[in-house]
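J.: The following comprises the amino acid sequence and a computationally predicted model.
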Amino acid sequence: NLTPQYDAATANWGGSWRMPTKEEMQELVDNCTWEWTQVNGVNGSKVTGLNGSCIFLPAAGSRYGASLSYVGDYSSYWSSASIDYNDYNDYGAYDLYFDSDYHSMYDDRRDYGRSVRPVLE
């Protein structure tokens, strides 16, 4: 997992803010209800837990270099769990991917721009 100096949530918001773990994101995939919806004109998924609490995850698209694409169509959110891709000589991390029909965890390269949904301890 990322140390606080490399955790985007901790670095930007400080205090007890952090990026979610792979296990916390996997819990959203395995134990929550997903509904594709629109809030204030923004496409995304309403994710509802077993206790009835929910969050809205905007479909923020993806960035590679200076190019932003697929805004409103899908999104990926970084977890704090990193992966060493020895075959490619670069590093990756697990992310939560979703679109209007699908949601799952993936391993992905860190040079792709993904969204961050911080959590508070």
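T.: Thanks, I have it.
J.: wait, residue 107 sits on residue 91?
T.: No. The pair residue 107 / residue 91 is not scored as a contact, 10.6 Å apart, by CB atoms under 8 Å. Glycine gets a C-beta too; all of them are placed from N, C-alpha and C.
J.: Show me what residue 78 is bridged to.
T.: residue 95 (DSSP bridges).
J.: ditto for residue 43
T.: Beta bridges link residue 43 to residue 38 when assigned by DSSP bridges.
J.: Would you agree it is in contact with residue 58?
T.: Yes. Contact criterion CB under 8 Å: residue 43 and residue 58 qualify, at 7.3 Å.
J.: Please enumerate the strands of this structure.
T.: Along the chain, counting by DSSP state E, strands occupy 17-18, 33-39, 42-48, 54-58, 62-64, 67-69, 74-85, 90-99, 103-109, 112-113, 119-120.
J.: Neighbouring strands of the fourth one in the sheet, and parallel or not?
T.: This points to strand 54-58. In the sheet, strand 54-58 lines up with strand 42-48 (antiparallel) (DSSP bridges).
J.: and the angle for the strand it pairs with with strand 33-39?
T.: Relative orientation of strand 42-48 and strand 33-39, computed by axes from the mean of the first three to the mean of the last three CA atoms, to 10 degrees: 150 degrees.
J.: got the buried residues for strand 42-48?
T.: 43-47 (16 or more other CB atoms under 10 Å).
J.: can you check stretch 97-110 too?
T.: Here stretch 97-110 shows 97-98, 100, 103, 105, 108 as buried, counting by 16+ other CB under 10 Å.
J.: can you tell me which helix in this structure is longest?
T.: helix 22-31 (DSSP state H).
J.: residues in contact with residue 48?
T.: Each residue near residue 48 by CB atoms under 8 Å, 6 or more residues apart in numbering is listed here: 32-33, 35, 54.
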